[in-house]
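K.L.:
return atomic coordinates for the entry below.
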Amino acid sequence: MKENDRSTLPKIRDYSRFDQFLNSITPDVYPEPPREPHITITRTVIGKMRRENMIGPGDHILDVGCGQGVALEVFRELGMKATGITLGSDLDVCRTKGFDVHEMDQNFMSFPDGAFDVLWCRHVLEHSVAPFYTVAQYCRVSKPGGLIYVEVPAADTSAHHERGPNHYSILPWTSWVNLFTRAGCTIERTDKIGFTALCGPDMYWSFFLRTPKLIGA
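P.N.:
Presented below is the predicted three-dimensional model:
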């Protein structure tokens with residue numbers, strides 16, 4: 001057996017403990033009612049993406065971790081087809097607003113490969129216990145060459161986002177960059193969104209990613 005021949009490896013992975021662990025952290029999920037600065041940042045970023053033709057009316061957009069529909073509302077106003085996924089009580093809130101939202105974990109999305117033109121992943125990747133795997137799933141459901149917008153809270157600010165109840169992955173900037181590159185994404189643009197919170201200076205990091213294109217495309 002060749003060392004890297006994975007097809008002949010024995011089935012040695014037992015996922016039962018991992019499944020138990022994921023079940024144990026379910027209570028960490030909490031509702032995300034609309035609030036600032038998230039409303040303003042969401043509208044500003046989506047507006048900029050539309051003006052720069054990064055997104056358009058023909059695109060099918062997936063809002064990963066859609067909360068109570070802040071971004072979905074903007075996409076609807078722009079006449080775009082958008083689908084959301086979330087967990088917990090936010091699901092019912094979104095459905096009462098008429099949004100197309102599914103109860104789904106970002107690591108176990110049941111959508112087919114290449115289902116979406118654009119992924120909007122704002123303040124959701126930091127909630128993953130395995131962000132490298134999560135990004136791989138983002139790429140899977142994205143069309144080849146599709147756009148993925150990722151925004152995460154910065155590490156070591158006055159807000160101490162690493163202390164959040166389900167902020168499992170508050171990584172340094174260079175770690176995010178290397179993770180996206182390792183997943184095969186091209187980083188087209190990065191931004192640092194700075195503002196002053198009640199606790200003091202705070203920062204969010206945003207990344208505009210492109211998924212790998214098909215060979216020969």
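K.L.:
where does pLDDT dip in this structure?
P.N.:
Residue ranges of the chain with pLDDT under 70: 1-10, 214-217.
K.L.:
contacting residues for the residue nearest the centre of it?
P.N.:
What sits nearest the mean C-alpha location of the chain, by Cα atoms, centre = their mean, is C121, with 2.7 Å. Residues in contact with C121, defined by Cβ atoms under 8 Å, 6 or more residues apart in numbering, are V64, G65, Q106, Y138, I148, Y149, V150, E151. In this view, the C-beta of every residue, glycine as well, is placed from N, C-alpha and C.
K.L.:
which strand residues bridge the first one?
P.N.:
With DSSP bridges as the criterion, V64 is bridged to I85.
K.L.:
sorry, back to before: the residue nearest to the centre of the chain belongs to a strand?
P.N.:
Yes - counting by DSSP: H, G, I helix; E, B strand; the rest coil, C121 is found in a strand.
K.L.:
put the alpha carbons of the biggest helix by length in the chain into CSV.
P.N.:
Using DSSP state H, we find that the single longest helix of the chain is helix 38-51. C-alpha atoms of helix 38-51 as CSV (Å, rounded to 0.1, in the frame of the first residue of the first chain):
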residue,chain,number,x,y,z
HIS,A,38,-24.1,45.0,12.1
ILE,A,39,-27.1,46.5,10.2
THR,A,40,-25.0,49.4,8.9
ILE,A,41,-22.0,47.3,8.0
THR,A,42,-24.2,44.7,6.2
ARG,A,43,-26.0,47.4,4.1
THR,A,44,-22.7,49.2,3.3
VAL,A,45,-20.9,46.1,2.2
ILE,A,46,-23.7,44.6,0.1
GLY,A,47,-24.3,48.0,-1.5
LYS,A,48,-20.7,48.3,-2.4
MET,A,49,-20.7,44.7,-3.9
ARG,A,50,-23.7,45.6,-6.0
ARG,A,51,-22.3,48.9,-7.3
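K.L.:
ok but N107 is inside a helix, no?
P.N.:
No - secondary structure of N107 (three-state DSSP): coil, not part of a helix.
K.L.:
distance of it relative to R182?
P.N.:
The gap separating N107 from R182 is 17 Å, by Cβ to Cβ, to the nearest Å.
K.L.:
hmm, back to that, put together CSV for the contacts of C121, with distance to M54 on each row.
P.N.:
Formatted as CSV, the contacts of C121 follow (distance: Cβ to Cβ, whole Å):
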residue, distance to M54
V64, 17
G65, 20
Q106, 22
Y138, 16
I148, 11
Y149, 8
V150, 14
E151, 14
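K.L.:
off-centre distance for stretch 182-196?
P.N.:
12 Å (Cα atoms, centre = their mean, to the nearest Å).
K.L.:
packing partners for the helix or strand encompassing T134?
P.N.:
T134 is part of helix 131-141, with elements assigned from DSSP states H and E. Secondary-structure packing of helix 131-141 (3 or more Cβ pairs under 8 Å, 6 or more residues apart in numbering; DSSP states H and E): strand 116-122, strand 142-153, helix 173-182.
K.L.:
and it, C-alpha only, in CSV?
P.N.:
The C-alpha coordinates for helix 131-141 follow below in CSV (Å, rounded to 0.1, in the frame of the first residue of the first chain):
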residue,chain,number,x,y,z
PRO,A,131,-12.9,26.2,10.3
PHE,A,132,-10.7,24.6,7.7
TYR,A,133,-13.4,22.0,7.1
THR,A,134,-16.1,24.6,7.1
VAL,A,135,-14.4,26.6,4.4
ALA,A,136,-14.1,23.5,2.4
GLN,A,137,-17.9,23.1,2.6
TYR,A,138,-18.3,26.7,1.6
CYS,A,139,-16.3,25.9,-1.5
ARG,A,140,-18.3,22.7,-2.2
VAL,A,141,-21.6,24.5,-2.4
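K.L.:
good, wrapping up.
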